[in-house]
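Asks: Below are the sequence and a predicted model; questions follow.
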Amino acid sequence: MARYFEDSRSADRYARFRPQYPGCLLDKIKDVVSGRDGGTADKNGHGETASIEDLRVVDVGCGAGGSTFFLAEAGFKEICGVDASQAQINEAKKALEKKDDDVKQRVEFRIVDCNAGLPFDRDSVDVVIVAAAMHWLEPVQFYAHVNDILRAGGYVIAFSYGFSQFQDEDLQRPFDNLSQKTLEKYWEPEIVHTFTHYKHILEPYDTCKRFTLDWNYRVTLSELINFMSSWTAYPIYCGQHPDNTILEDFEKEVRKVLQSRHQHGTTPERNGSADSSDDDPTVEFKFPLFGFAGRRPCMTSTNKLDGCVRLDVVDKAGQ
């Protein structure tokens, strides 16, 4: 896994400023493991549909624990968040201390380099979740490790989100200028996979299906600025341009647009994008949420890697 969020400052920003996942994604995860998405429902040892409360989850690349706590809301039996960053896991554990006893009993965090291995017993995990982290992993290595710990019939669900999409073109323009022009050469190569909505990341099993969801988001302008400051490209840019004012300039441009809307009587109800009625106006936009989900085939062979990890993943990786 890449090492872009390992320092304590980045981990702190990540913990405080990254958005919380929406209910529609939680519904999607529940549909996958219950078979309501058109797949095959999970079964327990008695041939009955397994309950979420019976399933053990590993949350790969959990960062500061946002996705792990999100999964805890769904009611999974156990969720173990793993991440290569000590700083991120420290933030996750601090957040866990503030949760109620039920969450504390079901959630744990470990420092794990997921490309090197997943330290869980063979066939002991029901669901592997990769939240906004699949693009940092080496698929062939990672899928081999997943195949070791995921029981036959278990699920892999990977997802992430792309750049904000504003309804108002005058708000979209300064956002695109900053994220895709000013910061263009400061994004790590792996981030390209989020630009293309994971189109070029191959899924592990033939059973996997792609999905997209609309994630409507409403925040204050200061919250949006803080979120942008948690981007991986921003500290890299700041390291080379320590006196830059790119976020301040972006904020000024947005405020100028909102002020113009206000002067012309365009209300939030009419343009559906922003509210300029106070010192910290709200802005609305959409995150494109995308990913894939599938079930590990049930195998009778003792060599569980055969027939499970798709051969085209290995073939294309070697080209």
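Replies: Great, that's in hand. Numbering: from 1, shown residues only.

Asks: any idea which element the residue nearest to A11 when sequence neighbours are not counted lies in?
Replies: By the measure of C-beta to C-beta, 6 or more residues apart in numbering, the closest residue to A11 outside its immediate chain neighbours is A87, 3.7 Å from it. In short, each C-beta sits where N, CA and C put it, glycine included. Assessed by DSSP states H and E, A87 sits inside helix 86-97.

Asks: Measure how far that helix is from the centre of its chain, please.
Replies: Chain-centre distance of helix 86-97: 17 Å, with C-alpha atoms, centre = their mean, to the nearest Å.

Asks: Quick one: list the elements packing against the helix ranked longest in the chain.
Replies: Longest helix in the chain, counting residues (DSSP state H): helix 246-263. Secondary-structure packing of helix 246-263 (3 or more C-beta pairs under 8 Å, 6 or more residues apart in numbering; DSSP states H and E): helix 169-176, helix 221-229, strand 274-275.

Asks: Can you show me the CA trace of the second one as PDB?
Replies: Listed in PDB are the C-alpha atoms of helix 221-229, where the atom choice follows Å, rounded to 0.1, in the frame of the first residue of the first chain:
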ATOM      1  CA  LEU A 221     -17.800  26.400   2.500                       C
ATOM      2  CA  SER A 222     -15.300  26.100   5.400                       C
ATOM      3  CA  GLU A 223     -15.900  22.400   5.600                       C
ATOM      4  CA  LEU A 224     -15.400  22.000   1.900                       C
ATOM      5  CA  ILE A 225     -12.100  23.900   2.100                       C
ATOM      6  CA  ASN A 226     -11.000  21.700   5.000                       C
ATOM      7  CA  PHE A 227     -11.800  18.600   3.000                       C
ATOM      8  CA  MET A 228      -9.800  19.900   0.100                       C
ATOM      9  CA  SER A 229      -6.900  20.500   2.400                       C
END
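
Asks: show me where pLDDT drops low in this structure?
Replies: Segments of the chain classed as low confidence (criterion: pLDDT under 70) are 1-7, 36-50, 264-278, 299-319.

Asks: Point me to the residue sitting closest to the centre of it.
Replies: A132 (2.6 Å; C-alpha atoms, centre = their mean).

Asks: Does that residue touch S67 like I think?
Replies: Yes - counting by C-beta atoms under 8 Å, A132 touches S67, with 7.3 Å between them.

Asks: Do you have the helices of the stretch 201-319 of the chain handy? List them.
Replies: Per DSSP state H, counting those that start in this stretch, the stretch 201-319 of the chain carries helices over the ranges 221-229, 233-240, 246-263, 268-271, 311-317.

Asks: cool, the stretch 1-150 of the chain as well?
Replies: For the stretch 1-150 of the chain, the helices defined by DSSP H, counting those that start in this stretch cover 8-17, 23-34, 66-74, 86-97, 101-106, 139-149.

Asks: counting contacts, what elements does the fourth one pack onto?
Replies: Going back to what we said before, that points to helix 86-97. Partner elements for helix 86-97 (3+ C-beta pairs under 8 Å, 6+ apart): helix 8-17, strand 78-83, strand 107-111.

Asks: need these in JSON lines with mean neighbour count and distance to C238, can you?
Replies: Listed next are these as JSON lines, based on neighbours: other C-beta atoms under 10 Å; distance: least, C-beta to C-beta, whole Å:
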{"stretch": "helix 8-17", "mean neighbour count": "17", "distance to C238": "11"}
{"stretch": "strand 78-83", "mean neighbour count": "24", "distance to C238": "23"}
{"stretch": "strand 107-111", "mean neighbour count": "18", "distance to C238": "27"}
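
Asks: Switch those over to CSV; also include distance to H145.
Replies: Formatted as CSV, the helices and strands packed on helix 86-97 follow (distance: least, C-beta to C-beta, whole Å):
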stretch, distance to H145
helix 8-17, 24
strand 78-83, 11
strand 107-111, 14
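
Asks: Just tell me which of these ends up closest to K30.
Replies: Nearest to K30, of all the helices and strands packed on helix 86-97, is strand 78-83, at 14.2 Å by C-beta to C-beta.

Asks: got the contact list for the nearest residue to E190 once chain neighbours are set aside?
Replies: Spatial nearest neighbour of E190, excluding adjacent residues (C-beta to C-beta, 6+ apart): H135 at 4.6 Å. Counting by C-beta atoms under 8 Å, 6 or more residues apart in numbering, H135 makes contact with 160, 190-194, 198, 201.

Asks: mind listing which of the residues you listed are in strands?
Replies: Taking DSSP state E, the ones among the contacts of H135 that sit in strands are S160.

Asks: for the contacts of H135, which one is nearest L247?
Replies: I191 (18.3 Å).

Asks: before we move on, the earlier item: between the helix holding A87 and helix 8-17, how many degrees?
Replies: For helix 86-97 against helix 8-17, the angle by axes from the mean of the first three to the mean of the last three C-alpha atoms, to 10 degrees is 40 degrees.
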